[in-house]
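Undergrad: Quick one, fold the following:
(2 chains)
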2 protein chains.
Amino acid sequence: MNKTMLGLWLEDGQVRLRDDLPIPEPGPGEALLRVRLAGVCATDLEMIRGYYPFTGIMGHEFVGEVVRAPDAPEWEGRRVVGEINISCGTCRYCRRGLHKHCENRTVLGIWKRNGVFAEYVTLPIANLHAVPESVPDEAAVFTEPLAAAMEYLERVHIRPSDRVLVVGAGRLGQLVAWVLSFTGADLQAVARHPRQRELLAAYHIPTLSEDEVEPGAYDVVVEATGNPSGLALARRAVRPQGTIVLKSTYAGEVTFNFSPVVVDEITLVGSRCGPFPAALRHLEAARIQPQRLIDARYPLRAGLDALRHAAQPGVFKVLIDPTA
Amino acid sequence: MNKTMLGLWLEDGQVRLRDDLPIPEPGPGEALLRVRLAGVCATDLEMIRGYYPFTGIMGHEFVGEVVRAPDAPEWEGRRVVGEINISCGTCRYCRRGLHKHCENRTVLGIWKRNGVFAEYVTLPIANLHAVPESVPDEAAVFTEPLAAAMEYLERVHIRPSDRVLVVGAGRLGQLVAWVLSFTGADLQAVARHPRQRELLAAYHIPTLSEDEVEPGAYDVVVEATGNPSGLALARRAVRPQGTIVLKSTYAGEVTFNFSPVVVDEITLVGSRCGPFPAALRHLEAARIQPQRLIDARYPLRAGLDALRHAAQPGVFKVLIDPTA
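TA: So this is what the prediction gives:
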C-alpha cells in the first residue's frame, strides 16, 4: 500500500486535486475505509462558496469497504456506509443520546474531519452500518441524503389523511417526496423542470407549479429548496396549526415576519441528519431507487470536473469514484 | 334602558371616549352582555400604535353578564367569559374544527367586531363560558390571557424532567410561567425587574438575568417578550432538537438566521388563543391567582387614563370597569 493517496482538498475556498495526502491511520475505535463511491451534495458546493469555513478533504456521502479495524476486526472486508457526525460520547448532549448534536463533534468532510472525496478515510466503528448485499454501491451512496430526507418523520406525525406539499424537487426534494409518498398522504410537489416532474411521476406524485399551490391548505409543508423564496411559499401554503419542515439551510440571514406564525399557530421544524437503518431498509427493499438521480460519474482524478458538473443548474447527483 | 352607551372608540389610531354608541342588538344565536370588568392587553396598545387596522370599540378581555339571549334564554342572568374569535362555521377551517382560525372570522375588539371597552357587547352563545361562582370578576377577567398562556400545551408535550425557560416576565410571561410551574419541570424565568421576580417567587419559580441563561441547555423555551431580542435569547437558550414557543407577535419583520434552526433541528411553535375551560378550572381551584397582576382599576369614563397607565413600562394589568 502506498503511503499517500489522491483526494480533493479544500482550502480558502479553493479545491485542489492532491496526490500527496497521507493515508490516514485509524485511531482507537476507528476503522480505515477504502471509499468505493462518493456523492456530491449541495453542502459541498456551499462549502466551496465559503459558506462553511473548512480546510481538508471534502465529501460526506459515500459507500466504502473496511480495510482495517484494529479494535473490531469482524468489520474488516465489510461494505459499509457511515454516519457523518463524530461525537465525543461524554458531553451534555451525548449523555442524553443527542450524539449528532455533540458539542465537540467533528463532521465528515464538513467540520474538522477529512472527508470521502479521497481513496481512504477513517471513521469510528460506531458510525458504520453494513450495507445489505442486494443494495448496489450506486444506491448505497445515497444512504446519507435518504436518511436526511427521513429525519423529521421521527418528530412530525404525518397522517394518511394529511395534505402534504414538498417545495423543491431537486436532489433533496426528490428523496423527501418519494419517502412521503409512502405515508399515503395526499401529497403534491412543486416542480419547475420537466425532469423533476418525470422523476416524481415514477412515484405517482402529482406535481404543480408555484402559482397552482392553494394557499393555507396543507397540513404539512416540507421546504427543500435551499432558497428563502421556498420558505415564503411554504408559509403561504400551510394551514393554521400546520407544520413547516425546514430541510435546507439558507446562506445568511432571512427577513421573516413571525407574527403570522403566532397568529396562525404554525409549527416550524428544522431537520438535518436522519436514521441510517431506516434508509437502508428502504434501499434493501428497493422501495427507494435513488440511482434514478445519477447524472454522471467521474473518477476521483477528474473530481474537479465532477464538482463543476454538480454545480450546474438542474443537475441532481454527480458521483465520484476513487476506484476508477 | 338607554339606547346609547359609553365606550372607547378607536379610529385612525386615535382613541376617543364616546357616549353616543348604540347599544348593540343580539343577532341570531347571539347574546347581549353587560360588561362587568375588562382588561387592557398588549394587543390593545399595539392597535393604538397602528399595528392592526381596526375601527370600532376596543377590548377583548372581559367578564360579563348575559342580559338577553333570545335564542337561548337559559343563559340570561349568567356571569360569563367569552372566546374572542367569532367563526362562520362553514369555511374549510371551521369544518375541520379550527374555528379560531376561521377564514371569515371576526375578532372581538380586534377585527371587524366591536369589543368590550363599553357598557354592552354582543357575542354568539357558542363563544360563552359560564364563570364558576367562586371565581371573582377580578380573576375571571383574566380567563382569555390565561387560556392564551396554555394553548401550546395542547401541542407541545412538556415532560416533568424537562428544563424549561420562560423569556419575559410581564403580563403574559407571568401567566405562562405560573402554568408551566404545574408541569413539575425544571423551570426558570428571565426577569428584569424586582416586581417581576416577586410575582414569580410566589409560584416558587427561580428567576435569572439574561446573562445567566445557560446556552443550549433548555428543552423548551417560551418567548413572551414581544421583542425580537427575546427571540434571539430563546434561540441561544434552546438545546438541539428543543422547542421554542412563540407566544408574542412582533410588529413587522424580523431578520433571522434559519440555518441554525435546521442544523440544531429546533422546533418553533406559534401560539395564540387557548382553551377557556382549562383556564377556568385553574381559576376555580385558585391554582392561578391572576389578581396579583392588577395594578389599577379605572371606571370606563376614565378609560383613556387606563390606556395611558397600561402603556407605562413595568405595568402588568390595568382593568376597566364599565359599572363604576
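
Undergrad: which ones are touching the nearest residue to A:Phe62 once chain neighbours are set aside?
TA: Spatial nearest neighbour of A:Phe62, excluding adjacent residues (C-beta to C-beta, 6 or more residues apart in numbering or on different chains): A:Val116 at 3.8 Å. From N, CA and C alone the C-beta is placed, and that goes for glycine too. Residues counted as contacts of A:Val116 (C-beta atoms under 8 Å, 6 or more residues apart in numbering or on different chains) are A:35, A:38, A:57, A:59-62, A:64, A:108-109.

Undergrad: Now do the SS call for A:Gly89.
TA: coil (DSSP: H, G, I helix; E, B strand; the rest coil).

Undergrad: how about it, phi and psi?
TA: With angles defined as degrees, to the nearest 10, A:Gly89 sits at phi 80, psi -10.

Undergrad: now do the one 10 residues further on
TA: With angles defined as degrees, to the nearest 10, A:His99 shows backbone torsions of phi -60, psi -40.

Undergrad: and it, how many neighbours?
TA: A:His99 has 19 neighbours, counted by other C-beta atoms under 10 Å in any protein chain shown.

Undergrad: before we move on, what about A:Arg195?
TA: Neighbours around A:Arg195, by other C-beta under 10 Å: 14.

Undergrad: Tell me how far it lies from A:Ala149.
TA: From A:Arg195 across to A:Ala149, the span is 18 Å (C-beta to C-beta, to the nearest Å).

Undergrad: Same check on A:Leu233?
TA: 19 Å.

Undergrad: out of these two, which sits in the more crowded spot?
TA: A:Ala149 (30 against 21).

Undergrad: Tell me which helix or strand the nearest residue to the more buried one once chain neighbours are set aside sits in.
TA: Leaving out its chain neighbours, the residue that sits closest to A:Ala149 by C-beta to C-beta, 6+ apart is A:Leu175, at 3.8 Å. Element membership for A:Leu175 (DSSP states H and E) is helix A:171-181.

Undergrad: and that helix, average pLDDT?
TA: Mean pLDDT, helix A:171-181: 94.

Undergrad: Need the phi and psi values for the residue nearest to A:Phe62.
TA: Torsion angles, degrees, to the nearest 10, at A:Val116: phi -110, psi 0.

Undergrad: Am I right that A:Val166 is in contact with A:Ala224?
TA: Yes - between A:Val166 and A:Ala224 there is a contact at 6.2 Å, judged by C-beta atoms under 8 Å.

Undergrad: The stretch 201-324 of chain A: strands as residue ranges?
TA: Ranges of strands within the stretch 201-324 of chain A are A:207-208, A:218-223, A:238-246, A:254-256, A:267-270, A:294-299, A:317-321, based on DSSP state E, counting those that start in this stretch.

Undergrad: among the ones you listed, which is the most enclosed?
TA: Highest mean neighbour count among the strands of the stretch 201-324 of chain A (mean count of other C-beta atoms under 10 Å in any protein chain shown): strand A:218-223, with a mean of 28.

Undergrad: I'd like the distance between the nearest residue to A:Ile266 once chain neighbours are set aside and B:Asp19.
TA: Nearest residue to A:Ile266, sequence neighbours excluded (C-beta to C-beta, 6+ apart): B:Gly270, at 4.9 Å. For B:Gly270, the distance to B:Asp19 equals 39 Å [C-beta to C-beta].

Undergrad: now A:Asp264
TA: 38 Å.

Undergrad: Likewise for A:Gly64?
TA: Relative to B:Asp19, A:Gly64 is positioned 83 Å away (criterion: C-beta to C-beta).

Undergrad: neighbour count winner among the two?
TA: More neighbours surround A:Gly64 than the other of A:Gly64 and B:Asp19, with 28 against 11 (other C-beta under 10 Å).

Undergrad: contacting residues around that one?
TA: A:33-36, A:79-82, A:116, A:121.

Undergrad: export these to TSV and tack on secondary structure and pLDDT?
TA: Listed next are those as TSV, based on DSSP: H, G, I helix; E, B strand; the rest coil; pLDDT from 0 to 100:
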residue	secondary structure	pLDDT
A:Leu33	strand	98
A:Arg34	strand	98
A:Val35	strand	98
A:Arg36	strand	98
A:Arg79	strand	98
A:Val80	strand	98
A:Val81	strand	98
A:Gly82	strand	98
A:Val116	coil	98
A:Val121	strand	98
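
Undergrad: Return the closest of the residues you listed with respect to B:Thr183.
TA: A:Gly82 (39.2 Å; C-beta to C-beta).

Undergrad: Now the residue of the stretch 201-324 of chain A at minimum distance from chain B. Nearest residue, chain neighbours left out?
TA: In the stretch 201-324 of chain A, the residue that lies nearest chain B is A:Pro240 (3.4 Å; C-beta to the nearest C-beta). Spatial nearest neighbour of A:Pro240, excluding adjacent residues (C-beta to C-beta, 6+ apart): B:His101 at 3.4 Å.

Undergrad: ok, now which ones touch the one you found?
TA: By C-beta under 8 Å, 6+ apart, the neighbours of B:His101 are A:239-241, A:264-265, B:85, B:93.
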